[in-house]
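[1] Below are the sequence and a predicted model; questions follow.
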Amino acid sequence: MSDPVAQLVFLIIKAVAMPLIIITMVAFAIYFERKFAGFFQARVGPTYLGPWGSLQSFGDVFKLLSKEDVIPLRSDKPVFKLAPYIAFIPAFLVMAVLPFGPVGGEPNLFGHRFDYVIADFDAGVVLFLAMGAIAVYGVVLAGWSSNSNYSLLGGLRAGAQMISYELAMGFSVAGVMVMAGSMSLVEIVDGQKGAFWDWYWIPQIVGGIVFFIASIAELNRTPFDLAEAEQELVAGHLTEYSGMRWGMFYLAEYVNMIVVSGIVSTLYFGGWRAPFESWNVIPGPIWLLLKICALIFIYMWIRWTIFRYRYSQLMSIGWKVLLPLALANLAVTAVVVSVVG
Amino acid sequence: MNDAIDSATIHAREADSTSPDTPPRPNVEQLRERKARTRQHLETGGDIMTISMGPQHPSTHGVFQMVLDLDGEVIVDLRPEIGNLHRGVEKLCEHRTYHQIIPLTDRLDYNSAFAMNHGFCEAAEKLMGVEVPPRARYIRTIAHELSRLANHILWLGVHIMDLGTQTFFVICFRDREYVLDLFEMLTGARLTHSFARIGGVAKDLPDGFEQRCRKVIEFLPKRIAEYERIVKHNRIYYKRAKNVGIFTSEDCYAWRVTGPTLRAAGVARDLRKDEPYAAYDEVDFEVAVEYNADVYDRFLVRMKEMRESCKIIRQCLDGLPGGPYLARDAAHSLPVKRDVLRDSAAMIQDFYQVFQGPQAPKGEVYRAIEVPKGEMGVYIRSEGGAKPARVRFTTPSFYHGQAMPALSIGETVPDLVAIFASVDVVLGDCDK
């Protein structure tokens, strides 16, 4: 088997396996979210299905699939049906550029070179930002097409939130791009060679915090879950959705959480690298998985602990705090890099 | 009847003027400005979206409906729809004897059921001229303050949940259990106690109640301190609650808003202090007052009140007098149940009270007491006999619900949720 053919086979295997792995992770992320919520609240969480209730998410999916799919009479039906896909698919696409192990170098698998990334794409970070922007269309269109006031308010909020946070997010990533000298996630990980003190989280700590906060807003989670604020808008853009269409939004939320955790660990925490170089005997994907799990836990922790911001407060944080911080971070990084390096 | 109301209003005004030297005034200019802007917007006409919040909505605490006119997210008009839970309690009262009305009052404000029992019994006793023995007055005070604790803890949980954090709700629910367990021990029921009787209470304190109650009131102030650690100094809560839903003392008078909302506006109006009933004139406590009249101050007032409640219960347990727990008044109150099968007079009294009911004189009374949510007034008109001719409950939630337009026009939808929770409306109490 010549190398291009082998690469093609590998690519197909990776492209098929990755969504399956993500979906499985989502099932367990949902399970852990409910279990952790239980523990935070002095409850036990799900217990019935499977050992310690671990099959709960699968049961939920079957329930959702078997439910009636109600489409409101006066909704904009094609858009109403399209919106869940727009929210669901972009999240997966980002996984294509996320490296989960070493890329390039010597042949490492049956005499062929296996790259631990689906597509080493020069503008990987931009793809991530772009997909985040497209996913918001799913929410806005869902809000618009439902022909419900609550949905409309949810969609509006999601749109305004996205605009406020995408900028801060983009500028905070720019600091990392300047340091790595590339927009490719593979090269960003290559730039973080060494132990955990060589990773970008120390030089880019301001940008990292801005990015993390902005990513919570991107994920629509408390304290920034305004688009579906239950106590205010019932379920925001999801109000009119039922059955598996609702389930797709729900899954998209968790896929997004895994993807964003992956991006955060790649940009700031060395991606698939071990915290000490000698620990690199343990393969990269496992380190990446551990980092993703830790970040997901932090997201859950935040969600079950603190209050929701008001719409206007969220905007003012985005524009008046995070954006200037991200810009300052970028300016300082650019000056330091051009002087020192 | 009119005298009572007038004296109450005058008293409240006095309390306002005698509050500490130059109390800080609420940030009213901001509120007025916002409301003026809203009015201007309505006159010039813009795109208004009408949205029906409720009767089925996660944060309307039951079946309260608010029809909102929104400009973006700013509320330009709000129409509260009251009555979705109307059960005709007042009409039902006309067909029941005074004893049989007590369980109906449980269902008014089911979060503080004992306080409702108590209010009705106070009014009926005033009508019939029944003297309540001291032990019964003390037991009533204890139960009333326990219901205040249960109500405020639940209020806190729900209020915080409306601001987006669900874990805190569970913490509050867990602590409310301790109070409900005490009620279960005392009355046999956790929610609808029907514990007060005309002339006293249904049962004496059970064995071991005192120790257990002392444990709970030792422990609750620590929990209240914990709530304050979590909520009071929380940056997001502060931002969400400070200067939101300002409702000055003038507004409160205009809309008859009472209770913690009025006290948060700087008025030291508390019927427990002003027109004492039960054992409140024999215990030492302070009326919680704050001055900024916003959601944050309503929270502070309730936290203080919970501490004071623990203090009152402790004093009542310390000074609990002996003697009967039910008035020896054969014409108006039930006999002690233990005596019914031993004593022929008590048996006759029991038959008489159960089958015929207490014989009330002709006349009308109005009696108001301070329930956890505000002032609850009971008006009874009697034309003699065992059944009242007319009963009217002026329950706080009704007035708080109808004040929603004044409270929230000019605010945004997320603030509306916080404001609605902060005035503490229970729909059983509101719709009657």
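    Looks like it came in fine. Residues are numbered from 1 along each chain as shown, chains lettered A, B, ... in the order given.
[2] Just give the nearest non-adjacent residue to whatever residue of chain B ends up closest to chain A, would you?
    Across chain B, the shortest distance to chain A (Cβ to the nearest Cβ) belongs to residue B:164, at 2.7 Å. Every C-beta, even on glycine, is put in place using the N, C-alpha and C of the backbone. In space, residue B:164 comes closest to residue A:308 once its chain neighbours are excluded; the distance is 2.7 Å by Cβ to Cβ, 6 or more residues apart in numbering or on different chains.
[3] Same question for residue B:47.
    Closest to residue B:47 by Cβ to Cβ, 6+ apart is residue B:71, at 7.2 Å.
[4] For that neighbour, give the beta-bridge partners.
    Here residue B:71 shows beta-bridge partners residue B:74, assigned using DSSP bridges.
[5] and the closest residue to residue A:54 other than its chain neighbours, what does it touch?
    Closest residue to residue A:54 apart from its sequence neighbours, by Cβ to Cβ, 6+ apart: residue A:31 at 5.8 Å. For residue A:31, the contacting residues are A:46, A:53, A:54, A:56, A:57, by Cβ atoms under 8 Å, 6 or more residues apart in numbering or on different chains.
[6] The stretch 51-200 of chain B against chain A: which residues are in contact?
    Applying Cβ under 8 Å from any Cβ of the partner chain, we find that the stretch 51-200 of chain B lies next to chain A at B:51, B:57-59, B:70, B:72-73, B:160-167, B:170-171, B:174.
[7] ok, of those residues, which come out buried?
    Buried subset of those (neighbour count, 16 or more other Cβ atoms under 10 Å in any protein chain shown): B:51, B:57-59, B:70, B:73, B:160-167, B:170-171.
[8] So which of the residues you listed belong to helices?
    Assignment to helices by DSSP state H places the following of these there: B:160, B:161, B:162, B:167, B:170, B:171.
[9] ok, the second one - contacts?
    When contacts are counted by Cβ under 8 Å, 6+ apart, residue B:161 is found next to A:231, B:168, B:169.
[10] helices and strands around the helix or strand hosting the first one, which ones?
    Per DSSP states H and E, residue A:231 falls inside helix A:230-233. In this structure, helix A:230-233 makes packing contacts with helix A:149-180, helix B:413-422, judged by 3 or more Cβ pairs under 8 Å, 6 or more residues apart in numbering or on different chains; DSSP states H and E.
[11] Return the most buried member of those.
    For the helices and strands packed on helix A:230-233, the largest average neighbour count (mean count of other Cβ atoms under 10 Å in any protein chain shown) is found in helix B:413-422, namely a mean of 26.
[12] On the C-terminal side of that helix, identify the next helix or strand.
    Defined by DSSP H and E, the subsequent element after helix B:413-422 is helix B:427-431.
[13] Rounded mean pLDDT for that next one, please.
    Helix B:427-431 carries an average pLDDT of 84.
[14] which other residues reach it?
    Residues outside helix B:427-431 that contact it (Cβ under 8 Å, 6+ apart) are B:61-64, B:82-87, B:107-110, B:116, B:373, B:395-398, B:400-401.
[15] remind me which residues of the chain are low pLDDT?
    Just going to use chain A. Where chain A drops to pLDDT under 70, the residues are A:1-2, A:105-109, A:341.
[16] Wait, chain B was what I had in mind.
    Where chain B drops to pLDDT under 70, the residues are B:1-46.
[17] buried residues in the lengthiest helix in chain A?
    For chain A, the helix with the greatest residue count under DSSP H is helix A:3-40. Of the residues in helix A:3-40, A:6, A:10, A:14, A:18, A:21-22, A:25-38, A:40 count as buried by neighbour count, 16+ other Cβ under 10 Å.
[18] from the middle of its chain, how far away would that helix be?
    Here helix A:3-40 shows a centroid-to-chain-centroid distance of 13 Å under the convention Cα atoms, centre = their mean, to the nearest Å.
[19] Next: stretch A:149-161.
    21 Å.
[20] what about it and chain B, any contact?
    Yes: using Cβ under 8 Å from any Cβ, we find that stretch A:149-161 touches chain B at A:149, A:150, A:152, A:153, A:156.
[21] got TSV for those residues, with distance to residue A:330 too?
    Below are the residues of stretch A:149-161 next to chain B laid out as TSV (distance: Cβ to Cβ, whole Å):
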residue	distance to residue A:330
A:149	40
A:150	38
A:152	36
A:153	34
A:156	30
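[22] Which single one of those residues is nearest to residue B:213?
    Among the residues of stretch A:149-161 next to chain B, residue A:150 lies closest to residue B:213 (Cβ to Cβ), at 45.2 Å.
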